[in-house]
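S.K.: Next one to model:
(one chain, ligands or ions: 1)
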Amino acid sequence: MGTTSPHRRRVSNWNCPERLFTKPLSKHSTGLKPTAMSTNLTTGPLVGQVVLITGSESGIGRETARAFCQLGAAVVLNGRQAERLECTRQALAAEGYRVAACVADVTNYADCEHLVAMALNRFGRLDVLITNASISQRAYFADMQPEVFRQVLDSNVYGSVYPLKAALPHLIARQGSVTFISSISALNGMPSGSAYCAGKAALANLAHTLRLELAATGVHFGVVHIGFTQNDPDKRVLDAAGQPVPIAHRPPRWQKSQAQVAAIILKHVRRRRRRTIISALGRLILVVHSLLPRLGDWVVLTSQRRMRNFYE
Ligand SMILES: NC(=O)c1ccc[n+]([C@@H]2O[C@H](COP(=O)([O-])OP(=O)(O)OC[C@H]3O[C@@H](n4cnc5c(N)ncnc54)[C@H](OP(=O)(O)O)[C@@H]3O)[C@@H](O)[C@H]2O)c1
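M.R.: Reported below is the predicted structural model:
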């Protein structure tokens with residue numbers, strides 16, 4: 001299955017790195033029982049299920065795709081870079097998984113309609129939508145170009161709303177599942193992350209509202225707040241002028257692996273959880289923000305003074 005899009009197509013000089021052609025995850029990395037680790041496409045517990053994951057050409061999205069594939073699901077991959085997306089599709093197909101790929105910018109509604117139509121044409125149904133595509137930032141609000149703020153916010157809000165709008169009738173038909181990928185930084189806010197935090201926080205309220213509004217449909221709406229996670233070496237975020245820059249320093253000991261995070265997302269979807277907060281730090285932020293918000297702010301401001309490279 002090739003990559004298709006009726007719209008823009010970004011071309012890069014992407015070469016398939018060896019690391020994409022990894023072995024299936026070990027039982028320890030996924031937290032799954034050995035029987036659930038089958039790569040036999042006819043026997044996994046998710047055989048027959050179709051999963052669409054936006055922004056899955058790289059990072060956590062790619063590893064989440066792999067985790068669903070390992071349980072027998074067919075997965076539709078998505079991203080904006082045709083070559084990198086095709087590289088990821090080939091890597092998963094080479095592992096024996098049922099995957100298709102579709103170039104689409106999820107901030108463009110026509111692209112999202114095309115993405116969903118492609119999933120249906122290829123696999124005939126849609127059971128799970130995970131809105132994972134996102135652009136992050138490394139810029140203080142006062143310095144940010146308004147257009148950059150809009151771009152980051154759009155990728156996180158409309159980048160979830162548009163795929164869902166396009167997919168909703170098909171998800172209702174299957175009493176399917178929708179998971180918005182958010183961040184622990186949405187729980188309290190984070191200096192140098194204004195548009196990103198605002199967008200991620202909006203997703204939690206969106207999920208809650210849709211859960212109420214669409215309760216009769218039986219569709220699951222959930223949010224996963226991800227904490228610090230290892231990143232692909234080429235991951236970029238936007239600076240105040242909209243230029244792609246490497247992500248700010250994160251202490252490695254605070255980071256989960258992408259495979260660990262993928263396994264948690266998989267569990268969240270299978271158990272149809274409303275909210276999953278990844279990491280002890282995330283749960284601590286939630287408690288402090290709810291019960292002792294001034295203490296939470298003091299901790300953030302203190303860390304901002306002492307660990308500037310964490311934010312800048
Ligand atoms: N890594 C962390 O520490 C961390 C922490 C908290 C939350 N998260 C969340 O976890 C998710 C995955 O993050 P990650 O670390 O794996 O980042 P990543 O490697 O940058 O993955 C994001 C993916 O989204 C795609 N994307 C961005 N804008 C898009 C658009 N408009 N249309 C289609 N695809 C688009 C990107 O590809 P292109 O740019 O090529 O299109 C990329 O493949 C994100 O929602 C992120 O906010 C991550």
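S.K.: if I look at Leu77, how far off is the ligand?
M.R.: 9 Å (Cβ to the nearest ligand atom, to the nearest Å). Using the backbone N, CA and C atoms, a C-beta is placed for each residue, glycine as well.
S.K.: If that residue is in a bridge, with which residues?
M.R.: Per DSSP bridges, residues listed as beta-bridge partners of Leu77: Ile53, Ala101.
S.K.: who are the neighbours in contact with it?
M.R.: 53, 56-57, 61-62, 65, 85, 88-89, 92, 99-102 (Cβ atoms under 8 Å, 6 or more residues apart in numbering).
S.K.: Apart from its neighbours in sequence, what residue is nearest Lys256?
M.R.: Thr229 (5.2 Å; Cβ to Cβ, 6 or more residues apart in numbering).
S.K.: ranges for the helices of the protein?
M.R.: Secondary structure of the chain by DSSP state H: the helices cover 27-30, 59-70, 82-94, 109-123, 146-156, 158-173, 185-188, 194-213, 258-270, 280-291, 293-306, 308-311.
S.K.: To the ligand, which of these lies closest?
M.R.: Of all the helices of the chain, it is helix 59-70 that lies closest to the ligand, at 2.2 Å by Cβ to the nearest ligand atom.
S.K.: coming back round to it: ok, and of the contacts of Leu77, which contact the ligand?
M.R.: Among these, the residues that sit close to the ligand (Cβ under 6 Å from any ligand atom) are Glu57, Gly61.
S.K.: from the contacts of Leu77, which single one is nearest Glu147?
M.R.: Among the contacts of Leu77, Glu57 lies closest to Glu147 (Cβ to Cβ), at 24.3 Å.
S.K.: which intervals of the protein have sub-threshold pLDDT?
M.R.: 1-15, 18-42 (pLDDT under 70).
S.K.: How about the residues of it by the ligand?
M.R.: Contacts of the chain with the ligand, taken as Cβ under 6 Å from any ligand atom, map to 54-55, 57-61, 78-81, 105-107, 132-136, 155, 159, 181, 183, 226, 228-229, 231-232, 235.
S.K.: If any of those are buried, put those into a PyMOL selection.
M.R.: Burial among these is assessed by 16 or more other Cβ atoms under 10 Å; the matching PyMOL selection reads:
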select buried, resi 54+55+57+58+59+60+61+78+79+80+81+105+106+107+132+133+134+135+136+155+159+181+183+226+228+229+231+232
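S.K.: Narrow the residues of the chain next to the ligand to those in strands?
M.R.: Asn78, Gly79, Ile181, Ser183, Ile226 (DSSP state E).
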